[in-house]
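Undergrad: Model the following, please.
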Amino acid sequence: MAVTPEQLNLRGMVDIHCHILPGVDDGALTLEESLAMCELAAADGIGTIVATPHMFDGVHQTPEKSLIQARMAELRQRLNGLLEILPGGEVRYSYEIFQEAPDPQTKIRLNGTSYMLLEFPFQAVPPNIEMTIFQILNAGITPVIAHPERNKRIQEKPEVLADLVERGALAQLDAGSLTKSFGPEPYLSAKRIVEAGLAHFIATDAHHQDRRRPNLSSAVAVAADIGGIEYARAMVLANPTALIQDRGIPYQLECDMDALRGKRRKKSWFQFWK
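TA: Numbering: from 1, shown residues only. Purely as a prediction, here's the structure:
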């Protein structure tokens, strides 16, 4: 029988990837839409959202840190404690990373921590990415790769992701991939990544109140069916909580390469650690 969100006790989830700030990218258009998204998130059990506007993607103007802070202050004032909003960004792979990384106050850090959300182009993995990961880590920042399951190269060759995680990167899946909102290829890729134990976070990557909504619980239930309840809960509770508190990520699995290649179904979290 399939796991349901009600069975998972998901109150207080942490969403580390959400385009919740109004008027800064292709996410919420107005403060009212941001508030509506926050209400949907809170109703789903989300207690903390890291606001992650696009940065250095060549499409949207990267918001100044002062603008991010101002929009966050406006939103927090209207929320009246409904949930917590923290600063961050979704940073496209670019040379600007290396200009920003040495600055301990840089806006690319998630909540000012030693973690950043790193986005690849959807059609490819950048050349020499191994050296880039090394350089980011050497600057004292751990990259969290945003939605690798939606990357065409990783869909075709998931070992690429396994290598990056082995080198010290982490991986964040989009909720919409697990619920099949993005189609069959991202779902099958996300499923394989969970089976292999390569995912560390599930986040909404929400953009609006009427489409790509801030919902996590349905995706967590799918992940629980694939990889086990404890593993699924860790990806929205223990792991992201540790991230925003700038602690080590507590739940990380050794990669199951056979599962990654689709050769067999991964054991549940509980079975793995017995």
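
Undergrad: which stretches of this protein have low pLDDT?
TA: The chain contains residues with pLDDT under 70 at 264-274.

Undergrad: again, only this time at 90
TA: For the chain, the stretches with pLDDT under 90 are 1-3, 6-7, 57-61, 94-95, 98-99, 101-104, 211, 261-274.

Undergrad: For it, which segments count as helices?
TA: 31-44, 65-79, 96-100, 129-138, 152-156, 159-166, 175-178, 184-196, 217-227, 229-234, 238-244, 257-260, 269-273 (DSSP state H).

Undergrad: okay, the ones you listed in JSON lines with mean neighbour count next?
TA: The way it works is simple: take the backbone N, C-alpha and C, and place the C-beta from them, glycine included. As requested, those are exported to JSON lines (neighbours: other Cβ atoms under 10 Å):
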{"stretch": "helix 31-44", "mean neighbour count": "19"}
{"stretch": "helix 65-79", "mean neighbour count": "15"}
{"stretch": "helix 96-100", "mean neighbour count": "16"}
{"stretch": "helix 129-138", "mean neighbour count": "16"}
{"stretch": "helix 152-156", "mean neighbour count": "17"}
{"stretch": "helix 159-166", "mean neighbour count": "19"}
{"stretch": "helix 175-178", "mean neighbour count": "27"}
{"stretch": "helix 184-196", "mean neighbour count": "21"}
{"stretch": "helix 217-227", "mean neighbour count": "23"}
{"stretch": "helix 229-234", "mean neighbour count": "22"}
{"stretch": "helix 238-244", "mean neighbour count": "22"}
{"stretch": "helix 257-260", "mean neighbour count": "17"}
{"stretch": "helix 269-273", "mean neighbour count": "14"}
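
Undergrad: Leaving out sequence neighbours, find the closest residue to the most centrally placed residue in the chain.
TA: Central residue of the chain (Cα atoms, centre = their mean): residue 172, 3.8 Å from the mean position. Excluding its sequence neighbours, the residue lying closest to residue 172 (Cβ to Cβ, 6 or more residues apart in numbering) is residue 201, at 4.1 Å.

Undergrad: pretty sure that neighbour is touching residue 233, no?
TA: No. Contact criterion Cβ atoms under 8 Å: residue 201 and residue 233 do not qualify, at 11.9 Å.

Undergrad: list the contacts for residue 238?
TA: Applying Cβ atoms under 8 Å, 6 or more residues apart in numbering, we find residue 238 in contact with 250, 251.

Undergrad: separation between residue 30 and residue 74?
TA: Counting by Cβ to Cβ, to the nearest Å, the gap between residue 30 and residue 74 amounts to 11 Å.

Undergrad: hang on, the residue nearest to the centre of the chain packs against residue 150?
TA: No. With contact defined as Cβ under 8 Å, residue 172 does not reach residue 150; the gap is 10.9 Å.

Undergrad: shared neighbours, residue 30 and residue 74?
TA: Common neighbours of residue 30 and residue 74, counting by Cβ under 8 Å, 6+ apart, are residue 22.

Undergrad: which residue sits closest to residue 41, ignoring its sequence neighbours?
TA: Spatially, and ignoring its direct neighbours in sequence, residue 41 is nearest to residue 214 (3.9 Å; Cβ to Cβ, 6+ apart).
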